[in-house]
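1. Attaching a predicted model along with its sequence, questions to come.
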Amino acid sequence: MIRPSLLVVCCLTFLSYSATAASSLVSSTFDSDADGWTGLTTDGSPFWTSITSGLTPTYSSSDGMPAGSITLADPDWQWTYFSAPGKFLGNQSAAFGGSLQFDSRYVMAGTSYSNEAEVVLKGAGLTLVYEITNSLPATWTHLDAALVAGAWRVADTFSGTFATDAQLLAVLSNLNALWINAEHFTPVMEVIALDNVNLLAPVPEPESYAMLLAGLSVLGLIARRRKTRQE
Ligand SMILES: [Ca+2]
Ligand SMILES: [Ca+2]
């Protein structure tokens, strides 16, 4: 019979492994300020040239999920994006196979929905784009961009070729821009809010858990045998 103490250790180890496996690599929850986020406008696909950069988001201490978020007002006829601070950039290869998650909503709507890439990643000479939805509502909405090949297109939202594993990993390993859409409507008038930006490592497959449990069981057996021999 497995000793209760050993069982507890096994369970605790398993639980702590589960809790840390999908943990955030880097995040912005906007608890006290804009956390270094800026805004920019771009002419979009296929070149994603930045037209105006260094826009200052407005910080809200009362709006958010929970409170504390930023908004960006559409300043011109180009595509407006939130631009991530340095802590989200550089080598983020640990997020490969994971996801980029965030909450967003519109504070002020335009007259009709329009569509452009939801997230833009630049690095290693590549621009990758991810499309989620063109109908962002007024209520806070959780968005999840899986960082897996086949989910991202190269440079063009609707007709670009899908990025390969190698391309996605190359971009994540040398990330020099991470933009989140603040352009959901025509014409120039909407205000878009952002909260809880999270870059997450991949969650292990069920087989990984099974292997971990098998390994722990073997360790338990060895420990019991040693104990029996000592007695
Ligand atoms: Ca918040
Ligand atoms: Ca607009």
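-> Nice, I can see it. The structure presented is a predicted model; accordingly, all values stated were derived computationally and were not measured. Ligands and ions are numbered 1, 2, ... in the order given.

2. ok, which residues in this structure are in contact with ligand 2?
-> Proximity of the chain to ligand 2 (Cβ under 5 Å from the ion) is limited to residues 74, 185. The C-beta positions use only the backbone N, C-alpha and C, and glycine is treated the same way.

3. Can you name the residue of the protein nearest to ligand 2?
-> Using Cβ to the ion, the closest approach of the chain to ligand 2 is made by Asp74 at 4.1 Å.

4. Show me how far stretch 59-67 is from its chain's centre.
-> Between the centre of stretch 59-67 and the centre of its host chain there is 19 Å, according to Cα atoms, centre = their mean, to the nearest Å.

5. quick revisit: the residue of the chain closest to ligand 2: neighbour count?
-> 23 (other Cβ atoms under 10 Å).

6. Spit out the contact partners of the most centrally placed residue in the chain.
-> Residue closest to the average C-alpha location in the chain (Cα atoms, centre = their mean): Leu100, at 1.4 Å. By Cβ atoms under 8 Å, 6 or more residues apart in numbering, Leu100 lies in contact with 119, 130, 144-145, 147, 178, 197-200.

7. Other residues contacting the one helix or strand Thr71 maps to?
-> Per DSSP states H and E, Thr71 falls inside strand 67-73. Residues from elsewhere that reach strand 67-73, judged by Cβ under 8 Å, 6+ apart: 29-32, 34, 37, 39, 55, 57-61, 63, 80, 82, 103, 107-108, 182, 190-195.

8. Stretch 162-180 now?
-> With Cβ under 8 Å, 6+ apart as the criterion, stretch 162-180 contacts 40, 42, 81-84, 88-93, 95-96, 100, 102, 104, 118-124, 126, 128, 147-154, 194, 197.

9. just stretch 25-38 next, same as before
-> So stretch 25-38 is contacted by 53-57, 59, 61, 64, 68-70, 82-88, 92, 94-95, 98, 194-201 (Cβ under 8 Å, 6+ apart).

10. Go back to the contacts of strand 67-73 and keep what's next to ligand 1.
-> 29-30, 195.

11. any chance of those in TSV, with neighbour count, secondary structure and distance to Ser114 too?
-> Shown next, in TSV, are the ones next to ligand 1 among the contacts of strand 67-73 (neighbours: other Cβ atoms under 10 Å; DSSP: H, G, I helix; E, B strand; the rest coil; distance: Cβ to Cβ, whole Å):
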residue	neighbour count	secondary structure	distance to Ser114
Thr29	18	coil	29
Phe30	26	coil	26
Asp195	22	strand	23
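
12. Take those and lay them out in CSV including pLDDT.
-> As requested, the ones next to ligand 1 among the contacts of strand 67-73 are arranged in CSV below (pLDDT from 0 to 100):
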residue, pLDDT
Thr29, 98
Phe30, 98
Asp195, 98
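
13. so what pLDDT did the closest residue to Gly86 other than its chain neighbours get?
-> Nearest non-adjacent residue to Gly86, counting by Cβ to Cβ, 6 or more residues apart in numbering: Gly36, 7.0 Å away. Confidence at Gly36, expressed as pLDDT, is 98.

14. low-scoring stretches of this protein, by residue?
-> For the chain, applying pLDDT under 70 flags the ranges 1-22, 133-134, 205-216, 218-231.

15. hmm, 80 instead?
-> 1-22, 133-134, 204-231 (pLDDT under 80).

16. residues from it in reach of ligand 1?
-> Close to ligand 1, as judged by Cβ under 5 Å from the ion, the chain has residues 29-30, 64, 68, 195.

17. Tell me the gap between stretch 143-152 and the middle of its chain.
-> 9 Å.

18. quick one: which of the contacts of stretch 25-38 sit in strands?
-> Counting by DSSP state E, the part of those found in strands is 53-55, 59, 61, 64, 68-70, 82-83, 194-200.
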